[in-house]
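*Asks:* Next come a sequence and a model predicted from it.
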Protein chains: 2
Amino acid sequence: MVRVGLTTGRLTQAGAELADEVGFDQVTVSALARRFDVKVASLYSHLKNSQDLKTKIALLALEELADRGAAALAGRAGKDALTALANVYRDYAREHPGRYAAAQLRLDPETAAASAGGRHAQMTRAILRGYDLTEPDQTHAVRLLGSVFHGYVSLEMAGGFSHSTPDTQETWPRILDALDALLRNWPAP
Amino acid sequence: MVRVGLTTGRLTQAGAELADEVGFDQVTVSALARRFDVKVASLYSHLKNSQDLKTKIALLALEELADRGAAALAGRAGKDALTALANVYRDYAREHPGRYAAAQLRLDPETAAASAGGRHAQMTRAILRGYDLTEPDQTHAVRLLGSVFHGYVSLEMAGGFSHSTPDTQETWPRILDALDALLRNWPAP
DNA sequence: CAAGTTGCCTAAAGGTATTAGGCAACTGCA
DNA sequence: TGCAGTTGCCTAATACCTTTAGGCAACTTG
């Protein structure tokens, strides 16, 4: 009997790759076992269950995304920062659709608290330092930006924009122009 | 043997209710059969397969959502219309989380073309008649609004906003204020 | 009311999830 | 180097979901 050397980390990594290849909801303990040429039951020494696997992939994706965001944000401010962070999300979703889908997985509160989710909110808030917003409008703006980033990327991935005339290539920078303009002229309550 | 009177329509309707109760991805042919107190195989006279059921629920949700949108939009313009349509999406997601999730299901192109999806884009475009935008900015704005509506509702449903200070109750109208202001002052290219 | 259609059933095969218990391959210590 | 303990992957088994094939009873229609 040859030992393959399974670990939780390798399984999570392979699960993420599998997600990108076949879609996050096709990620299954069985498929992962096949990929390692190992019997299904063997994975249960490293994973609590199927949900656990999905959660670990989601946490990995959130972490990777936060790392990329931090790198992109370094040394930038204002619209430059806005564009950089926005592109991180969009590019990540294009490169790693399965992982991006995983990052949307609903986590239970404790897991979410321990995840990189907080870093994402912090990064969006950091962008707003380049604009003149105070609380509570800053929080509203954080949520707006989060909604646009996530919403746009989701709809684009789902093909929601693919049939109409202006290319989505063209729309994205214009939306960032619009958000920049909005943040510079945030309406009074 | 008593006949229950299954039809595709009744199955779809019940599937939508099931989705709202247990979540869209817990919707299963078996669960639906249990709900009708009928053997699983019996459903396959009315449904092609499990994917077919999910697709039909998605189409139902898109239709219902479009109907509500059309009703809300009637006789309104400008910010009034913007608020009305935005609230349709948000309220629908709160009332029918399973159906709302179903509406995000990725449909194959032919199915999507035959769905109420087009009505949604049309409604968003109708809102913009109250603002002074011409092509291609109008299309960009349609996509922005779609992104915000979908993105905000998704994040709110996922609990993404639940831990921070200003209530999401407070953020939503402020985001609509912001979008209204943005549409009135859309930046030149 | 007979003939045809159709709705729901039984049966069966294949896939995924999960647990329990076993043996072989590693680890570390004498 | 060899032994004891640990651990990794296996076999076996159960349960549930999906899907197809074929049958009989209940409707519908003339």
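*Replies:* Nice, I can see it.
*Asks:* can we go C-alpha only for contacts and neighbour counts from here?
*Replies:* OK.
*Asks:* from chain A, which residue is nearest to chain B?
*Replies:* Distances between chain A and chain B by CA to the nearest CA are smallest at residue A:151, namely 3.7 Å.
*Asks:* So that residue versus residue B:50, what's the distance?
*Replies:* 27 Å (CA to CA, to the nearest Å).
*Asks:* Quick check on those two: which one has the bigger neighbour count.
*Replies:* Legend: neighbour count by other CA atoms under 10 Å in any protein chain shown for residue A:151 and residue B:50, higher for residue A:151 (25 against 14).
*Asks:* before we move on, what SS does that one have?
*Replies:* Classification of residue A:151 by DSSP: H, G, I helix; E, B strand; the rest coil places it in helix.
*Asks:* Next up, the contacts around it.
*Replies:* Residues near residue A:151 by CA atoms under 8 Å, 6 or more residues apart in numbering or on different chains: B:146, B:147, B:148, B:149, B:150, B:151, B:152.
*Asks:* ok, is stretch A:95-108 in contact with DNA strand C or not?
*Replies:* No. Stretch A:95-108 does not reach DNA strand C (CA under 7 Å from any atom of the strand); its nearest approach is 14.9 Å.
*Asks:* And that stretch, how far out from the chain middle?
*Replies:* Taking CA atoms, centre = their mean, to the nearest Å, one finds stretch A:95-108 lying 6 Å from the centre of the chain it belongs to.
*Asks:* Give me the distance between the two termini of it.
*Replies:* Start-to-end, stretch A:95-108 (CA to CA) is 27 Å.
*Asks:* Residues contacting stretch A:18-27, please?
*Replies:* Here stretch A:18-27 makes contact (CA under 8 Å, 6+ apart) with A:15, A:32, A:54, A:96, A:97, A:98, A:99, A:101, A:102.
*Asks:* Tabulate those residues (a markdown table), appending pLDDT.
*Replies:* A markdown table is the format used below for the contacts of stretch A:18-27 (pLDDT from 0 to 100):
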| residue | pLDDT |
| --- | --- |
| A:15 | 97 |
| A:32 | 97 |
| A:54 | 98 |
| A:96 | 98 |
| A:97 | 97 |
| A:98 | 97 |
| A:99 | 98 |
| A:101 | 96 |
| A:102 | 97 |
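*Asks:* near chain B at all, the helix or strand of chain A with the lowest mean pLDDT?
*Replies:* In chain A, the helix or strand scored least confidently by mean pLDDT, DSSP states H and E is helix A:109-114, which has a mean of 92. No. Using CA under 8 Å from any CA of the partner chain, we find that helix A:109-114 stays clear of chain B, coming within 8.8 Å at best.
*Asks:* before we move on, back to that, turn the contacts of residue A:151 into CSV, including pLDDT and distance to DNA strand C.
*Replies:* Formatted as CSV, the contacts of residue A:151 follow (pLDDT from 0 to 100; distance: CA to the nearest atom of the strand, whole Å):
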residue, pLDDT, distance to DNA strand C
B:146, 96, 33
B:147, 97, 31
B:148, 98, 33
B:149, 97, 32
B:150, 96, 29
B:151, 96, 28
B:152, 97, 30
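*Asks:* The helix or strand containing residue A:170 to helix B:168-184, inter-axis angle?
*Replies:* Using DSSP states H and E, residue A:170 sits within helix A:168-184. Comparing the axes of helix A:168-184 and helix B:168-184 via axes from the mean of the first three to the mean of the last three CA atoms, to 10 degrees yields an angle of 110 degrees.
*Asks:* Buried residues in helix A:168-184, which are they?
*Replies:* Within helix A:168-184, the residues scored as buried using 16 or more other CA atoms under 10 Å in any protein chain shown are A:168, A:171-184.
*Asks:* Can you name the residues in contact with the longest helix belonging to chain A?
*Replies:* Counting residues, the longest helix found in chain A (DSSP state H) is helix A:50-73. By CA under 8 Å, 6+ apart, the residues outside helix A:50-73 that reach it are A:12-13, A:15-16, A:27-29, A:47, A:81, A:84-85, A:88-89, A:92, A:99-100, A:102-105, A:107, A:115-117, A:119-120, A:123.
*Asks:* Could you do stretch A:125-145 as well?
*Replies:* Contacts of stretch A:125-145 (CA under 8 Å, 6+ apart): A:77-79, A:81-82, A:121, A:124, A:183-184, A:186, B:148, B:152, B:161, B:166, B:171, B:174-175.
*Asks:* ok, residue A:117 - contacts?
*Replies:* By CA under 8 Å, 6+ apart, the residues touching residue A:117 are residue A:62.
*Asks:* quick one, what contacts residue A:96?
*Replies:* Going by CA under 8 Å, 6+ apart, residue A:96 touches residue A:20.
*Asks:* That one and residue A:172, how far apart?
*Replies:* Taking CA to CA, one finds residue A:96 at 19 Å from residue A:172.
*Asks:* Residue A:34 now?
*Replies:* Plainly put, residue A:34 is 40 Å away from residue A:172 if you go by CA to CA.
*Asks:* What residues of stretch A:84-101 count as buried?
*Replies:* Across stretch A:84-101, burial judged by 16+ other CA under 10 Å covers A:84-90, A:92-94, A:96-101.
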